[in-house]
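In: Dropping the sequence and predicted coords here.
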There are 2 protein chains.
Amino acid sequence: MGSLFENIPAELPDEIFETICAANWVKIERIVSNGQASPEGFWYDQEGNEFVLVVKGSAGLKIEGEDDIVTLRAGDYFNIESHVRHRVEWTDASCETIWLAVHY
Amino acid sequence: MGSLFENIPAELPDEIFETICAANWVKIERIVSNGQASPEGFWYDQEGNEFVLVVKGSAGLKIEGEDDIVTLRAGDYFNIESHVRHRVEWTDASCETIWLAVHY
């Protein structure tokens, strides 16, 4: 048992990626962002699928080839299929953005 | 894409179980409760593992053989391994309790 809202450092110079559950080729992560974005020109290109849920804060997700940036606010989820290239364009700079990510 | 906070009926006589993502032997569900509990004497006993996160509201989870009821509030998660018998003792009666459940 644990809480997504606890054990967050006061300073977050970098995003935090923390595995909170892993078994049967599934990995569940908490990600905490605080204004970070993916580096210029960087795209995630992952072997597996990733389901993301924003639990607190907000973020902009860019999918390669799509014009619009997907805005995710608390309660919003998005399923990123394997090898769909994507990047985080922005995360809320005024508070932590807490994500739950399920890699499957 | 979707929101865990949208498309909730005004009346919730029964809990709602809704699959929002499924592939590779993983199923991700939204569950919405509103004061319900598992029936008297009923225990869930599942073939697979289930990771639950309470996104809104609160609930009491009873694990067979444990004296204490686990209280889950917004942001709290719990991993229920396969065949660990459990039941929902209570859910918040004053607002919806919204769960994300990952069956894996």
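Out: Noted; the coordinates are in hand.
In: Near chain B, which residues of chain A are found?
Out: Within chain A, the positions adjacent to chain B are A:1-6, A:20-21, A:23-26, A:28, A:49, A:51, A:53, A:55-56, A:70, A:72-79, A:98, A:100, A:102, A:104 by C-beta under 8 Å from any C-beta of the partner chain. Every C-beta, even on glycine, is put in place using the N, C-alpha and C of the backbone.
In: Drop anything exposed from the residues you listed.
Out: Neighbour counting with 16 or more other C-beta atoms under 10 Å in any protein chain shown marks A:2-5, A:20-21, A:26, A:28, A:49, A:51, A:53, A:55-56, A:72, A:74-79, A:98, A:100, A:102, A:104 as buried within these.
In: residues in contact with the closest residue to A:Val26 other than its chain neighbours?
Out: Computed as C-beta to C-beta, 6 or more residues apart in numbering or on different chains, the closest residue to A:Val26 that is not its neighbour in sequence is B:Tyr104, at 4.2 Å. Taking C-beta atoms under 8 Å, 6 or more residues apart in numbering or on different chains, we find B:Tyr104 in contact with A:Ala23, A:Asn24, A:Val26, A:Tyr104, B:Trp25, B:Val26, B:Lys27, B:Gly48, B:Asn49, B:Glu50, B:Phe51.
In: which among these gets closest to A:Ile63?
Out: A:Tyr104 (18.5 Å; C-beta to C-beta).
In: quick one on the thing from earlier: can you tell me which two in the contacts of B:Tyr104 are farthest apart?
Out: A:Ala23 and B:Lys27 (15.0 Å).
In: mind showing which ranges of chain A have poor pLDDT?
Out: Low-confidence segments of chain A (pLDDT under 70): none present.
In: which residues of it fall in strands?
Out: Ranges of strands within chain A are A:2-3, A:16-23, A:26-33, A:50-56, A:58-63, A:69-73, A:76-80, A:86-91, A:97-103, based on DSSP state E.
In: JSON lines for those strands, including distance to B:Arg85?
Out: Converted to JSON lines, the strands of chain A look like this (distance: least, C-beta to C-beta, whole Å):
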{"stretch": "strand A:2-3", "distance to B:Arg85": "22"}
{"stretch": "strand A:16-23", "distance to B:Arg85": "19"}
{"stretch": "strand A:26-33", "distance to B:Arg85": "22"}
{"stretch": "strand A:50-56", "distance to B:Arg85": "27"}
{"stretch": "strand A:58-63", "distance to B:Arg85": "38"}
{"stretch": "strand A:69-73", "distance to B:Arg85": "36"}
{"stretch": "strand A:76-80", "distance to B:Arg85": "29"}
{"stretch": "strand A:86-91", "distance to B:Arg85": "39"}
{"stretch": "strand A:97-103", "distance to B:Arg85": "24"}
